[in-house]
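Asker: here's my sequence, what's the structure:
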Amino acid sequence: MAERLRPDDLEGYIGQEQLVGPDGIIRKMIDTCRVNSFILWGPPGVGKTTLARIVAAKTEVPFYTLSAVTSGVKDVREILDRCAADVKSIFSKGRPILFIDEIHRFNKSQQDSLLGAVEKGIVTLIGATTENPSFEVIRPLLSRAQVYTLRPLDAEALDRLLQRALEKDEILSKREFDIRSKKALFRFAGGDARKLLNIIDLIEQSVPEGETVVIDDKQVIDSLQENPAAYDRNGEMHYDIISAFIKSMRGSDPDGAVYWLARMVEGGEDPLFIARRMLILASEDVGLANPNAVLLANATFDAVSKIGWPESRIILSECAIYLANSPKSNSAYMAINNAQSVVRETGDFPVPLHLRNAPTKLMADLGYSAGYKYAHDYKDNYALQQYLPDGLGQTAFWQPGNNPAETKMAARLDSLRRNAAGNSGPDIAREASDSSKTSNNQP
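Answerer: Residues are numbered from 1 along each chain as shown. This next block holds a predicted model:
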C-alpha cells in the first residue's frame, strides 16, 4: 500500500514542512531546477525515498538508484560511467541524480568512489540514511553534500495520511471503515508512514469482505500483538535515550529517569549496559556527596548480571531512583581531570626523595625516604609534609563540592592541617585554587 500511495509531487507529500513548505530549501531547489548534492537523514518511513524521487521527476533529469545493502564499488562505478555519458549527451537536461538508499551501509572505499564524480559535477548525489551522517558518512563526502534532517510524522500528518489512504487507495476506498479511536494506531505507527499504512492494511485484511472495518485501540493492539516501542539498540536512538536517562538522574529527576529506563526496558536493551552506565554516573555525578551510591550501583550491576528480564527491571528502577534522589557532586571527576591536565602540561616531575622507599643502603645514602613522616606516629594520624613534586608546591586539584558530605570532609582536612601547623602559627593549609596554580612553597 505504501508504494501505491507514494506521491509524485510535493502537493501530495505529507510532512517535512521545514524542507518542502513555501520557504523550504528543497522546494526552492525544485522550483529553480538547481539541485545540489544532499543527504536526507531521518527515521524509517518519513519520506526520504519519496522526496528524492519527486526531486528527480520535477527536474526531469536522469535518475539512478542504488541500495547500499546490495551494491558494491563495481555497481557504483558502472552507474557513474552511465552518468558521465548522460552529461555529455546533447539531449542532457542537467546532471543525473544518483540516489543511494541507506548510504550509511557503504564502507569507506565505496563512499570514496563517489567523491570524484560529485566533485566534477558528473552526478548529483542524494543519499538517504537512518543513521547519524556525522558518524557513518566520510568527512570528504559530507563536505560535498548538505545534510537535511527529516522528522517523524506528527499526529496531524499521520491523520492526513490515514484519510488519504481511506479515500485514494484502490483497495481501502472500496471498504467501509468505522474509526472510533486513533490513539493506539498513531502510537504504534511511531511517526512512521509506512508502518501506519501496514497496520491499516493488516486490519483490513483480517475483516471479511462486506463487513465494516472497525478501528479502535483494542483492535489495533489485538491485531499487532507486538511491542510498540521504537528502539534501535545499534542506532542513534540508543544513544539519545541513554543520554536522556543519564541527564535525568544527574538532574535529580526520578520520574524522567524511570521513564527513559522504561523505554530501554521495552526496547529490549541489554540490562548490563544500563547498570554499567549507572555505575559510571554514581562516581562521576553523585561522587563524594554520597559515596554509598557507588556501592549500590555496583551491587545493582552484580545483581543484574545474575538476574535477567523482567525481574532485573525492578533492581534497575530502584538504583535509578536512588541515584536521581542522591545529592550530586562531580568534584572527584573534576579532580582527576585537573590533575591529568597538569600532568600533560608539566611533564614528569621527580618524586620527592622523602616519599621514595629506600630498600637498599645505597638508596638510603642518597637520601631516599629521609625525613619522611609516618602519619600514624602523629596526633590524629596526620603529618604535615609535602606530597606533591617540588614544581607543583601547594596546587589544589580537589575542590570540595557544595554538599554536606564534602563540606564535612573539607572542614576535617582544614582542621588537621591547622592543628599540625600549630594554632598560633601561619596558616599553611593548601588553598583552594585553579588546577593550574603552582607554587614552590613547601610545608
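Asker: for the rest of this, base every contact and every neighbour count on C-alpha atoms.
Answerer: Noted.
Asker: show me where the stretch 101-250 of the chain has helices.
Answerer: Secondary structure of the stretch 101-250 of the chain (DSSP state H, counting those that start in this stretch): helices located at 108-120, 133-136, 139-142, 155-168, 183-189, 193-206, 217-224, 236-250.
Asker: for the stretch 301-443 of the chain, just list every one of the helices.
Answerer: For the stretch 301-443 of the chain, the helices defined by DSSP H, counting those that start in this stretch cover 312-325, 331-346, 361-365, 404-421.
Asker: mean neighbour count, the ones you listed: which tops it?
Answerer: Most buried of these, by mean neighbour count (mean count of other C-alpha atoms under 10 Å): helix 312-325, with a mean of 21.
Asker: run the angle between it and helix 236-250 for me.
Answerer: 50 degrees (axes from the mean of the first three to the mean of the last three C-alpha atoms, to 10 degrees).
Asker: which elements pack onto helix 312-325?
Answerer: Packed against helix 312-325 by the contact rule (3 or more C-alpha pairs under 8 Å, 6 or more residues apart in numbering; DSSP states H and E) you find helix 236-250, helix 254-266, helix 271-281, helix 292-306.
Asker: between the ones you listed, which one is nearest to Gln205?
Answerer: Nearest of these to Gln205, taken as C-alpha to C-alpha: helix 254-266 at 28.1 Å.
Asker: what is the burial count for Gly42?
Answerer: For Gly42, the neighbour count with other C-alpha atoms under 10 Å is 19.
Asker: mind listing what it touches?
Answerer: Lys48, Ala128, Thr129, Thr130, Glu131, Thr149, Leu150, Arg151, Pro152 (C-alpha atoms under 8 Å, 6 or more residues apart in numbering).
Asker: which of the residues you listed sits closest to His238?
Answerer: In terms of C-alpha to C-alpha, no member of those lies closer to His238 than Glu131, at 11.1 Å.
Asker: gap between the closest one and Lys182?
Answerer: Relative to Lys182, Glu131 is positioned 29 Å away (C-alpha to C-alpha, to the nearest Å).
Asker: more crowded one of these two?
Answerer: Neighbours per residue, other C-alpha under 10 Å: of Glu131 and Lys182, the larger number sits with Glu131, 20 against 16.
Asker: thought the more buried one was touching Trp41?
Answerer: Yes. Counting by C-alpha atoms under 8 Å, Glu131 does reach Trp41; the two are 7.0 Å apart.
Asker: circling back: can you redo the helices of the stretch 301-443 of the chain as JSON lines with mean pLDDT and distance to Ala189?
Answerer: Written out in JSON lines, the entries for the helices of the stretch 301-443 of the chain read as follows (pLDDT from 0 to 100; distance: least, C-alpha to C-alpha, whole Å):
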{"stretch": "helix 312-325", "mean pLDDT": "96", "distance to Ala189": "26"}
{"stretch": "helix 331-346", "mean pLDDT": "91", "distance to Ala189": "42"}
{"stretch": "helix 361-365", "mean pLDDT": "88", "distance to Ala189": "75"}
{"stretch": "helix 404-421", "mean pLDDT": "89", "distance to Ala189": "48"}
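Asker: any chance of those in CSV with distance to Ile274 as columns?
Answerer: Putting the helices of the stretch 301-443 of the chain into CSV (distance: least, C-alpha to C-alpha, whole Å) gives the following:
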stretch, distance to Ile274
helix 312-325, 8
helix 331-346, 20
helix 361-365, 50
helix 404-421, 27
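Asker: sec struct for Gly15, please.
Answerer: On the three-state scheme (DSSP: H, G, I helix; E, B strand; the rest coil), Gly15 is labelled coil.
Asker: my guess is it meets Leu153, correct?
Answerer: Yes. Counting by C-alpha under 8 Å, Gly15 does reach Leu153; the two are 6.1 Å apart.
Asker: hmm, back to that, TSV for the helices of the stretch 101-250 of the chain, including distance to Leu355 and mean neighbour count?
Answerer: Putting those into TSV (distance: least, C-alpha to C-alpha, whole Å; neighbours: other C-alpha atoms under 10 Å) gives the following:
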stretch	distance to Leu355	mean neighbour count
helix 108-120	52	15
helix 133-136	47	14
helix 139-142	50	15
helix 155-168	68	16
helix 183-189	65	19
helix 193-206	68	17
helix 217-224	70	15
helix 236-250	39	18
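Asker: reformat these as TSV; add mean pLDDT and distance to Val87.
Answerer: Compiled in TSV, the helices of the stretch 101-250 of the chain are given as follows (pLDDT from 0 to 100; distance: least, C-alpha to C-alpha, whole Å):
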stretch	mean pLDDT	distance to Val87
helix 108-120	85	11
helix 133-136	86	28
helix 139-142	90	21
helix 155-168	93	38
helix 183-189	88	42
helix 193-206	90	35
helix 217-224	84	49
helix 236-250	87	37
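Asker: would JSON lines of these with distance to Ala289 be doable?
Answerer: Converted to JSON lines, the helices of the stretch 101-250 of the chain look like this (distance: least, C-alpha to C-alpha, whole Å):
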{"stretch": "helix 108-120", "distance to Ala289": "46"}
{"stretch": "helix 133-136", "distance to Ala289": "36"}
{"stretch": "helix 139-142", "distance to Ala289": "42"}
{"stretch": "helix 155-168", "distance to Ala289": "44"}
{"stretch": "helix 183-189", "distance to Ala289": "41"}
{"stretch": "helix 193-206", "distance to Ala289": "47"}
{"stretch": "helix 217-224", "distance to Ala289": "46"}
{"stretch": "helix 236-250", "distance to Ala289": "13"}
